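S.K.: sequence-free structure coming up:
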């Protein structure tokens with residue numbers, strides 16, 4: 001099952017990108033992960049993917065498009081609109097979480113990633129659960 005799930009991650013922080021790569025590839029054994037280091041030309045880059053990601057992790061505070069703006073593009077994209085989209089952010093105040101829920105994200109994972117809990121969170125997301133990190137479940 002692991003090699004079948006596919007991922008897209010949009011993140012401008014190089015450390016966070018490296019942690020995600022290690023967690024998904026090396027620890028969890030998932031084969032397909034594409035990482036965008038910014039959100040420039042986001043829709044064109046989505047069109048260029050050779051697969052439809054099952055799970056998309058979006059950093060909320062990225063440029064030039066925010067996570068909210070990328071989510072709108074994803075939800076209108078004919079091929080990718082049904083992907084599970086998870087916000088990754090260090091901004092986890094209750095009002096910000098409400099904004100993420102209202103915007104239509106399928107969940108939130110707080111940064112920095114809790115490396116011991118992240119594997120089970122991915123499994124839950126893959127099963128279709130809506131994850132609002134452990135703070136908000």
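M.R.: Thanks, I have it. Just so we're clear, the structure is a prediction, and the values are computed from it rather than from any experiment. Numbering: from 1, shown residues only.
S.K.: Return the distance of the residue nearest the centre of the chain relative to residue 71.
M.R.: The chain has residue 57 as the residue nearest its centroid, 0.7 Å off, counting by CA atoms, centre = their mean. Counting by CB to CB, to the nearest Å, the separation of residue 57 from residue 71 is 12 Å. Where you see a C-beta, it was placed from the backbone N, CA and C, and this is true even at glycine.
S.K.: any idea how far residue 83 is from residue 112?
M.R.: 24 Å.
S.K.: which of those two has more neighbours?
M.R.: For the pair residue 83 and residue 112, the greater number of neighbours falls to residue 83 (20 against 11), based on other CB atoms under 10 Å.
S.K.: Quick check on the more buried one: phi, psi?
M.R.: Main-chain dihedrals, residue 83, degrees, to the nearest 10: phi -70, psi 150.
S.K.: That one and residue 55 touch, don't they?
M.R.: Yes - counting by CB atoms under 8 Å, residue 83 does reach residue 55; the two are 6.7 Å apart.
S.K.: Spit out the residues that contact these two alike.
M.R.: Taking CB atoms under 8 Å, 6 or more residues apart in numbering as the criterion, residue 83 and residue 55 both touch residue 8.
S.K.: The nearest residue to residue 96 once chain neighbours are set aside: how many residues sit nearby?
M.R.: Nearest residue to residue 96, sequence neighbours excluded (CB to CB, 6 or more residues apart in numbering): residue 89, at 7.3 Å. Using other CB under 10 Å, residue 89 has 20 other residues around it.
S.K.: Relative to residue 56, how far out is residue 81?
M.R.: On the measure of CB to CB, residue 81 and residue 56 end up 11 Å apart.
S.K.: Counting neighbours, go ahead and name the busier of the two.
M.R.: It is residue 56, of residue 81 and residue 56, that has more neighbours when counted by other CB under 10 Å, with 23 against 12.
S.K.: any idea how far that one is from residue 19?
M.R.: Going from residue 56 to residue 19 by CB to CB gives 17 Å.
S.K.: for residue 52, same thing?
M.R.: Distance, residue 52 to residue 19, by CB to CB: 24 Å.
S.K.: Which one's more surrounded, the two?
M.R.: The residue with more neighbours, out of residue 52 and residue 19, is residue 19; 17 against 14, by other CB under 10 Å.
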